[in-house]
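1. Next come a sequence and a model predicted from it.
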Amino acid sequence: MALGRTTHAPTESGPRVESLAAGLVRGMRPRQWTKNVLVLAAPVAAGEITDPEVLWSTAIAFVAFVLASSGVYLFNDASDVEEDRRHPRKRLRPVAQGSVPVPVAYGASLALMAAGIGTSLLAGIGLTSVVAVYVVMQVAYCLWLKHQAVIDIAVVSSGFLLRAIAGGMAAGIGLSQWFVLAAVFGSLFIASGKRYSEARLAPTVEGTIRKNLDDYSPSYLRFVWGTAAATLIMTYGLWAFEIREQTGSILAAISMGPFIVAVLRYAVDVDSGNAGEPETIVLNDRLLQFLGLVWVVLLAGSVYGA
């Protein structure tokens, strides 16, 4: 198979016939659960993921975020139902098309968010605090903050960042300052890139993609994600050299190569307007996956081979 990008145009077929249960599952957006793998970042980077207790705590963090984020997705769809019905693609979401009644969506969302917070208690109050902050911020985003320029990008960024922090909190692992900064600017890079792609696509799509896109100019969004990408590369480099000093392995420094190329590769998708759904890009770009694999092997070799 060639190492290249494969793109899939969104389907705009008519409303699908499905049961309430199937609609609820689809509304939980299983495809986006891949974001929750970020909880592995801190334990893996610390070289502690092979510890059974750390692995168990990290698994709890993953499940907690799957439940909480699924609840957030349903809450978002229920609160945006009228707007989604006017959108060419979002009208196919289960709440918008009527597979899941709005009251049921709200009830299921609250139950899932509560289940996520409850599950996080199994790994301690630290993780619970992170999951609770995530839920509160995301609900506020759905109801109001998504319409506030700049704040909306910050909240979306926080979703990625909190996942990365959650793994360390669950396992009781101290986080490197450079790891945290790389997570901050990596999250900002993804979130601002998402907005930039939406802004690029907005003139070509019938209907409104996002109300507050008019508050941003393409040049401003390019500035934000360009700055975030540059700072991400710098802070990752500092973290990689920190790992080298701790382990004595040169592999962490070498891992900067595939990492930087992967960031630049992802930037191509952002610039072309194809980064509206980050998980779709990662799942469909074979070269990006290859670079990610090489990066993981090098980083793991540095941490676990020392």
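-> Cool, the structure landed. Numbering: from 1, shown residues only.

2. Let me see the confidence value for Ala267.
-> At Ala267, the predicted lDDT confidence score is 86.

3. That one: which element?
-> Taking DSSP states H and E as the criterion, the element that holds Ala267 is helix 256-271.

4. For that helix, buried residues please.
-> Within helix 256-271, the residues that qualify as buried by neighbour count (16 or more other CB atoms under 10 Å) are Met256, Pro258, Phe259, Ile260, Ala262, Val263, Arg265, Tyr266, Ala267, Asp269, Val270, Asp271. Where C-beta positions appear, they are placed from N, C-alpha and C, glycine not excepted.

5. With stretch 240-254 instead?
-> Neighbour count says stretch 240-254 has Ala240, Ile243, Arg244, Thr247, Ser249, Leu251, Ala252, Ile254 buried, by 16+ other CB under 10 Å.

6. Restricted to helices, list those residues.
-> Filtering the buried residues of stretch 240-254 for membership in helices, criterion DSSP state H, returns Ala240, Ile243, Arg244, Thr247, Leu251, Ala252, Ile254.

7. Looking at those, point me to the pair that's furthest apart.
-> In terms of CB to CB, these reach their longest pairwise distance at Thr247 and Ile254, which sit 12.7 Å apart.

8. can you give me the strands for the protein?
-> Listed in chain order, the strands of the chain (DSSP state E) amount to none at all.

9. measure the residue of it most remote from its centre to Phe259 for me?
-> Distance from the C-alpha centroid of the chain peaks at Gly248, with 31.8 Å (CA atoms, centre = their mean). Gly248 sits 20 Å away from Phe259 when distances are taken as CB to CB, to the nearest Å.

10. How about the helix or strand bottoming out on mean pLDDT in the chain, which residues are buried there?
-> Lowest on mean pLDDT, DSSP states H and E among the helices and strands of the chain sits helix 278-284, with a mean of 75. Within helix 278-284, the residues that count as buried by 16+ other CB under 10 Å are Pro278, Thr280, Ile281, Val282, Asn284.

11. from those residues, which single one is nearest Trp56?
-> If you rank those by distance to Trp56 using CB to CB, Val282 comes first, at 26.5 Å.

12. With adjacent residues omitted, what lies nearest to the closest one?
-> Distances taken as CB to CB, 6 or more residues apart in numbering put Leu288 closest to Val282, at 6.3 Å, once the chain neighbours are dropped.

13. Spit out the contact partners of the one you found.
-> By CB atoms under 8 Å, 6 or more residues apart in numbering, the residues touching Leu288 are Arg5, Ala262, Arg265, Tyr266, Ile281, Val282.

14. next one: Met169
-> Counting by CB under 8 Å, 6+ apart, Met169 touches Ala61, Gly124, Gly126, Leu127, Ser129, Val130.

15. what's the neighbour count on the spatially closest residue to it that is not a sequence neighbour?
-> Sequence neighbours aside, Gly126 is the residue nearest to Met169 in space, at 3.9 Å (criterion: CB to CB, 6+ apart). Neighbour count of Gly126, defined by other CB atoms under 10 Å: 17.

16. mind putting the buried residues of helix 278-284 in JSON lines, distance to Ser192 included?
-> As requested, the buried residues of helix 278-284 are exported to JSON lines (distance: CB to CB, whole Å):
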{"residue": "Pro278", "distance to Ser192": "11"}
{"residue": "Thr280", "distance to Ser192": "17"}
{"residue": "Ile281", "distance to Ser192": "15"}
{"residue": "Val282", "distance to Ser192": "17"}
{"residue": "Asn284", "distance to Ser192": "21"}
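
17. Let me know the closest of those to Gly118.
-> When those are compared for distance to Gly118 (CB to CB), Pro278 comes out closest, at 28.1 Å.

18. tell me the contacts of the closest one?
-> Pro278 is in contact with Lys35, Ile190, Gly193, Lys194, counting by CB under 8 Å, 6+ apart.
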